[in-house]
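Colleague: model this:
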Amino acid sequence: MMKKLATLFCAATLVGCGSSTKWIAEDESGDSRLVQRGDTLEITAPKGLTLWYPELLAGDYRITYEATVLMEEGPCDRLSDLNCFWAAEDPEHGDDFFARTSWRGGIFERYNSLNLFYVGYGGNGNTTTRFRRYYGNRYGAPADEVKPLIGEYTDAGHLLVANRPIRIEITVDSGRTTFRVDGEELFSRKLSPGEGDGYFGLRLLNNRTRIVNFRIETR
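Modeller: Got it, this is the predicted structure:
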């Protein structure tokens, strides 16, 4: 049985957050804006932005949230890049994942230095949804070696729709990780022992996104 963790959004630039639980922001623009109202977080990311949940997740766990990419003629409204990282670790800093948070700074290419799983939902201008495994110890090698493609969709049924919420569920359970949207399994991969352990991050790029009901459950 999974056990729920209390997870409230907060970050240094967040408006209206009274919780001591903080997400760690790596913000390429330095101008990202996060506004919380109850269990709803609205994120405006002019460039690359990664929000890391600050606690290491290990063993079996489930991450769920509802996400909407907003298109309301705002200056950062762009229908693309509802992305995420999980099971992230830094092979150069095994005891301090956030040792290089300033260096990464939201710059996408620098996440090649991490071991992690990645789904880019509606990436490349909302033309692809891709699942990758990153191998940070190969940093500097060609991209197809550092982050090989495991799976991909290009049909409209697996891309973003403006202002339509989708429910994302990521699980690490019984030696397998799975990514689901609205109950449909899109990607799944068998794990070696400990491979699912690491940090979770929301990854956005030049868009405005609403996140509702973020929850983490552990076993």
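
Colleague: Grab the most central residue of this structure for me.
Modeller: Closest residue to the average C-alpha location of the chain: residue 84 at 2.0 Å, with Cα atoms, centre = their mean.

Colleague: And that one, how close does it get to residue 193?
Modeller: Distance, residue 84 to residue 193, by Cβ to Cβ, to the nearest Å: 23 Å. Using the backbone N, CA and C atoms, a C-beta is placed for each residue, glycine as well.

Colleague: Over to residue 217?
Modeller: 21 Å.

Colleague: OK, contacts around residue 147?
Modeller: Residues near residue 147 by Cβ atoms under 8 Å, 6 or more residues apart in numbering: 112, 118, 132-135.

Colleague: Show me the shaky parts of this structure.
Modeller: Applying pLDDT under 70 to the chain flags residues 1-21.

Colleague: Kindly recompute the last result at 50.
Modeller: Scanning the chain with the threshold set as pLDDT under 50 gives 2-21.

Colleague: Do a quick rundown of the helices in it.
Modeller: For the chain, the helices defined by DSSP state H cover 101-104, 123-126, 143-146.

Colleague: Which one of those lies nearest to residue 73?
Modeller: Nearest of these to residue 73, taken as Cβ to Cβ: helix 123-126 at 16.9 Å.

Colleague: Tabulate the CA atom coordinates of the closest one in PDB.
Modeller: Only the C-alpha atoms of helix 123-126 are listed here, as PDB (Å, rounded to 0.1, in the frame of the first residue of the first chain):
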ATOM      1  CA  GLY A 123       7.900  18.600 -27.300                       C
ATOM      2  CA  ASN A 124       9.500  20.100 -30.400                       C
ATOM      3  CA  GLY A 125       6.600  22.500 -30.900                       C
ATOM      4  CA  ASN A 126       4.000  19.900 -29.900                       C
END
